[in-house]
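*Asks:* Got a sequence here, can you build the structure:
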Amino acid sequence: MRVSLLGSSHWHAAMHLDAMRFAGADIVAVWDDDPHQAAAFAQAAAVPAVGFEQAVAAADLVVLMGHPARLPAQARAVIEARKPLILEKPAVTATPELEHLCALAAAVGAVVGVPLPNRFGPAMLEFRRLRAGGQSGPVVHAGFRLINGPPQRYRDDGVPWLLAPAIGGGGALRNLGIHGIDAALSLAEGELRLLASHIGKRIHTDERVEDHALVTLADDGGALFVVEAGYTYASMAPGGDFEWRLVTDRAVLLDQGDRASAIVLGEERRTLAPEPTATRYRLFAADTLARLAAGRPPAITLDDYLASMRLIDAAYAKAGS
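*Replies:* Have a look, this model is predicted:
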């Protein structure tokens, strides 16, 4: 599959390049708002840097990243060109813009996937395997913790706008916590309801965005989900403080990035094959390419992204009240 990478100055561009090549795609073009950055990225990747329209036309699949003030218009152009799209987050400055994109995609039958690759972590995959085999009921409670290093990391990556509330739409919850919110939505039985929300600045009080958030949710079956996100880890090291814990009636599944395990009723504790958080884009890319080849929609759609954004909006509102 021919893939164009649009928005090569995004801090996840190198991950998408690695992931798509790992999944067997042919990267045919690179583009960015900054032509000098695009040229440097393209030279390092041994791929031509071309114009926006040319990059879209050359591809079977477009990966679109960039500044959320400009992404909606760029996404509309790709959707209207009837090209399958992977839309990197944050894609909008506010949820209504995403609602407009969802409506357009639905109207034209567009294929749009959103990279939330922790859906493919070992605990999530093992839960689905156990559930399909009748070895587990639904999740009873789950915790999703993503604590990364200081906000300065985004200035170092050349994306200081992520720390501006009017552009990024929030802080740690919007940027990191969305992975946990999406996981909870994917596991919930029926409606997922917001119970409580705390948004605060625990360490980086001079920043305009929050550096820590804690959100609790419950589904119609009474399952409890806790999402914790922050920029409060004392290191810039990849991975940070990461833990996905799923508890069912017959199993406890734990994913800590560099290690994972399963305890199933009646069995010895066993190790699951870990997947570093930085390379989970490979799993997302492989799954997406396989689905597109089979004529199926991506596992994580624009509607899933919208559902997460709405819950995060509600969490900010509840904390503010």
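
*Asks:* Outline the domain layout of the protein.
*Replies:* 2-113, 117-280+301-320 (automatic domain parsing).

*Asks:* how near is Ser321 to Ile199?
*Replies:* 11 Å (Cβ to Cβ, to the nearest Å). Any C-beta I mention is one placed from the backbone N, CA and C, and that applies to glycine too.

*Asks:* who has more neighbours, these two?
*Replies:* Ile199 (22 against 6; other Cβ atoms under 10 Å).

*Asks:* For that one, which residues are in contact?
*Replies:* Going by Cβ atoms under 8 Å, 6 or more residues apart in numbering, Ile199 touches Gly171, Leu173, Glu210, His212, Ala213, Ala315, Tyr316, Ala319, Gly320.

*Asks:* Look up how far Glu210 lies from it.
*Replies:* Distance of Ile199 to Glu210, given as Cβ to Cβ: 5 Å.

*Asks:* Touching both of the two, which residues are there?
*Replies:* Taking Cβ under 8 Å, 6+ apart as the contact rule, Ile199 and Glu210 both touch Gly171, Leu173.

*Asks:* So for Leu173, what's the nearest residue that isn't a sequence neighbour?
*Replies:* The shortest distance from Leu173 to any non-neighbouring residue, by Cβ to Cβ, 6 or more residues apart in numbering, is to Ala213 (3.7 Å).

*Asks:* quick one: the one you found is in a strand?
*Replies:* Yes - counting by DSSP: H, G, I helix; E, B strand; the rest coil, Ala213 is found in a strand.

*Asks:* For burial, what's the neighbour tally of it?
*Replies:* Neighbour number of Ala213 under other Cβ under 10 Å is 26.

*Asks:* same check, this time on Ala55
*Replies:* Neighbour count for Ala55, taken as other Cβ under 10 Å: 24.

*Asks:* What are the phi and psi values at it?
*Replies:* Taking degrees, to the nearest 10, you get phi -60, psi -40 for the backbone angles of Ala55.

*Asks:* got a markdown table for the contacts of Ile199, with secondary structure, distance to Glu97 and pLDDT too?
*Replies:* Output for the contacts of Ile199, formatted as a markdown table (DSSP: H, G, I helix; E, B strand; the rest coil; distance: Cβ to Cβ, whole Å; pLDDT from 0 to 100):
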| residue | secondary structure | distance to Glu97 | pLDDT |
| --- | --- | --- | --- |
| Gly171 | coil | 19 | 96 |
| Leu173 | helix | 18 | 98 |
| Glu210 | coil | 21 | 97 |
| His212 | strand | 26 | 98 |
| Ala213 | strand | 22 | 98 |
| Ala315 | helix | 19 | 98 |
| Tyr316 | helix | 16 | 98 |
| Ala319 | helix | 22 | 97 |
| Gly320 | helix | 21 | 90 |
